[in-house]
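[1] just coords:
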């Protein structure tokens with residue numbers, strides 16, 4: 001790149017830094033910036049458009065256009081050439097602007113029809129801030145050096161905006177970054193409501209000085225930082241204990257990026273034009289994001305996370321801003337993160353009031369742990385990590401999948417009223433804790449709780465649950481970087497049974513695969529993992545792990561009853577083989593002289609429609625059956641419960657699904673085998689009371705749902721509700737929800 005261009009660019013950036021440091025309001029700064037850019041580039045026009053909201057750009061400053069149009073001219077995302085630059089995050093350079101597709105002439109700006117147009121996005125690590133535009137009467141194409149130089153200037157503008165340099169520059173009605181309320185509509189990961197303060201899992205790196213005075217010094221700093229980064233990645237690879245699986249591939253990708261000459265060269269070129277080392281890293285990160293986000297290849301899009309993580313590591317090295325910033329966790333912290341693993345979430349434990357994630361799924365590890373901790377979780381809250389700051393007030397509505405960041409007082413008051421009503425209802429439910437879930441007709445329903453952590457066990461007493469209908473044993477595997485030892489598991493299971501104080505605990509053997517991939521297990525490249533190698537299929541193929549887990553359960557149950565159930569049984573042969581394996585381990589432990597359980601009950605989880613049609617012998621072999629409602633529903637309706645487009649389309653009270661449940665109940669009753677319903681729907685009062693009317697006498701749910709479900713069951717006559725269901729079927733109804741809710745409203 002020619003030295004003169006480097007010199008001109010550095011002079012402009014140094015001038016921008018002077019403008020930033022000088023006294024004056026935000027509008028004055030913007031006006032001086034557009035004047036100096038136009039003067040430096042020899043153009044008649046320079047304009048800065050900033051986002052008013054996610055879909056609207058506002059002209060906030062201009063040199064060359066009509067001053068009265070500032071804060072009056074607005075463009076929708078994608079509208080005109082400016083809107084195109086904003087939408088796609090890429091420069092637009094043309095010598096004949098009026099002939100470009102989507103060109104829009106704006107007479108309100110008093111502009112002439114300028115021939116030359118160069119627009120570059122003002123963006124920071126994927127966060128769209130606005131668009132910087134220069135225009136000229138001459139029909140000329142701006143050179144590559146000029147385009148690149150303007151991108152460098154735009155990078156500095158993005159950093160200046162982040163630092164609040166333009167606060168007060170917009171009209172009173174225009175939102176300002178990190179000041180005004182923001183509403184995020186996500187997806188419910190775990191119900192509940194919480195108010196607190198933001199605690200960022202990975203605080204944003206703040207670049208306080210985007211302009212570098214001495215390019216040689218900045219190059220040297222960058223070189224030292226990259227060398228340290230490479231050493232860190234090499235150490236991670238050398239210390240990787242996870243074999244040649246996905247984690248190793250990620251680290252190899254890191255190494256490839258860290259050793260990329262082109263990556264380093266592009267950052268050095270940005271430094272030569274006047275950026276600091278940190279700003280050069282962010283500029284390259286932002287441009288790489290724009291390229292990868294639009295890539296058709298999903299593999300390339302996935303590499304975006306790798307590049308982001310690597311760039312953030314380098315930024316922390318250069319700025320000295322580690323993940324531990326020294327900030328104190330606020331009272332009532334609500335964790336905000338792009339995503340988080342189960343071990344990291346468990347480290348926070350019950351200190352958190354809630355969790356908000358940009359990514360994740362309803363069946364993700366984080367969701368499983370959040371349910372176990374009984375804290376509200378909202379997922380798919382897009383861009384919240386770029387909006388939120390540590391300490392911001394935040395309201396999490398897990399019931400509606402909504403998050404209010406920096407809420408207005410009226411919103412906060414309404415939210416607190418909702419929480420107060422929920423707390424009052426929980427107090428009423430607490431009064432039912434020691435009473436049975438006996439309906440008005442005299443039928444008693446046993447209510448069990450789901451668990452997966454030791455932290456869940458106190459809920460056995462406080463919720464009034466009659467036992468643990470599902471203990472998820474995979475959480476102890478998911479939270480570790482290696483396979484837990486038999487002794488460790490036996491000790492844990494012993495503590496679980498001790499804390500249960502004689503109440504039954506149904507231990508589900510390891511249910512991994514699908515959305516639950518162990519960090520030390522090589523992931524399988526499966527097009528549909530939910531229907532692939534998972535649960536009992538993994539256990540029967542990897543028998544060493546299953547045997548070890550069964551041995552731990554047997555030892556933990558010494559002198560006490562043992563309840564074991566095998567997950568995702570789809571045909572009788574799988575249950576026979578798993579049952580035989582358990583009996584072999586019991587015989588082995590007895591030969592070794594270990595104390596035996598006083599009683600062993602072996603059950604199966606019925607999670608696929610196929611098992612409802614199993615031979616009678618299967619039902620007779622089982623000591624109990626648990627209907628896994630979440631999986632059964634998704635396979636019955638062929639609707640992936642991780643897919644937001646379809647998972648809410650189908651209702652558990654659809655008459656076809658109800659008919660399947662009735663068939664399962666009939667098969668179990670014929671074989672005289674106890675059957676329970678376990679899953680999210682068991683904890684929803686309307687669904688729960690309907691299942692009870694069908695004939696389910698045991699329901700298993702999260703602890704917080706036991707009170708509301710028991711409250712409703714005690715108020716109804718299940719025989720009358722059964723008649724309502726039968727009448728609806730005879731009348732040709734395809735869904736029971738309306739008739740059940742109407743009947744309940746009349747009670």
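    Received, thanks. All figures in this text were calculated on a predicted structure; none of them were measured in a lab.
[2] may I ask you to name the longest helix in this structure?
    helix 215-238 (DSSP state H).
[3] centre of the chain to it, how far?
    When C-alpha coordinates are averaged (Cα atoms, centre = their mean, to the nearest Å), helix 215-238 and its chain have centres 31 Å apart.
[4] go on, stretch 122-133?
    Distance of stretch 122-133 from its chain centroid, counting by Cα atoms, centre = their mean, is 25 Å.
[5] which residues touch that stretch?
    The contact list for stretch 122-133, computed with Cβ atoms under 8 Å, 6 or more residues apart in numbering, reads 37, 45-51, 57, 60, 82, 85-86, 89, 117-121, 150, 153-155, 157-159, 161-162, 282, 285-286, 289-290, 293, 308, 311, 383, 386. From N, CA and C alone the C-beta is placed, and that goes for glycine too.
[6] what's the end-to-end length of that stretch?
    Stretch 122-133 has an end-to-end distance of 10 Å (Cα to Cα, to the nearest Å).
[7] what residues of it count as buried?
    Using 16 or more other Cβ atoms under 10 Å as the test for burial, stretch 122-133 gives 122-133.
[8] what pLDDT, on average, does it get?
    Per-residue confidence for stretch 122-133 averages out to 83 on the pLDDT scale.
[9] and stretch 102-116, by the same measure?
    Per-residue pLDDT over stretch 102-116 has a mean of 77.
[10] looking at the chain, which helix or strand does the model trust least?
    Sorted by mean pLDDT, DSSP states H and E, the helices and strands of the chain end with helix 246-258, the least confident at a mean of 60.
[11] which stretches of the stretch 301-450 of the chain form helices?
    Using DSSP state H, counting those that start in this stretch, the helices found in the stretch 301-450 of the chain span residues 342-348, 365-373, 384-387, 409-430.
[12] swap that for the stretch 501-650 of the chain, please
    In the stretch 501-650 of the chain, the helices defined using DSSP H, counting those that start in this stretch lie at 536-541, 543-556, 572-591, 616-621, 629-637.
[13] now the ones you listed in a markdown table, with distance to residue 680?
    Rendered in a markdown table, the data for the helices of the stretch 501-650 of the chain read as follows (distance: least, Cβ to Cβ, whole Å):
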| stretch | distance to residue 680 |
| --- | --- |
| helix 536-541 | 22 |
| helix 543-556 | 26 |
| helix 572-591 | 25 |
| helix 616-621 | 25 |
| helix 629-637 | 6 |
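[14] where does the prediction get shaky in the stretch 501-650 of the chain?
    Judged by pLDDT under 70, the stretch 501-650 of the chain has its weakly predicted residues at 513-530, 644.
[15] residues contacting the host helix or strand of residue 706, please?
    In this structure, residue 706 is located in helix 703-713 according to DSSP states H and E. Residues from elsewhere that reach helix 703-713 (Cβ under 8 Å, 6+ apart): 191-192, 374, 425-426, 428-430, 432-433, 435, 437-439, 445, 447, 449-450, 456, 459-460, 462-465, 682-686, 688-689, 692, 699, 701, 744.
[16] try it again at 7 Å.
    Applying Cβ atoms under 7 Å, 6 or more residues apart in numbering, the external contacts of helix 703-713 come out as 374, 426, 429-430, 432, 437, 439, 445, 447, 449, 459, 463-465, 683, 685, 688-689, 692, 699, 701.
[17] any quick PyMOL command for the buried ones out of these?
    In PyMOL, this line selects whichever of the contacts of helix 703-713 come out buried by 16+ other Cβ under 10 Å:
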select buried, resi 374+429+432+437+439+445+447+449+459+463+464+465+683+685+688+689+692+699+701
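[18] residue ranges for the strands of the stretch 51-200 of the chain, please.
    For the stretch 51-200 of the chain, applying DSSP state E, counting those that start in this stretch gives strands covering 56-63, 74-76, 92-94, 116-124, 127-136, 182-185, 187-190, 193-200.
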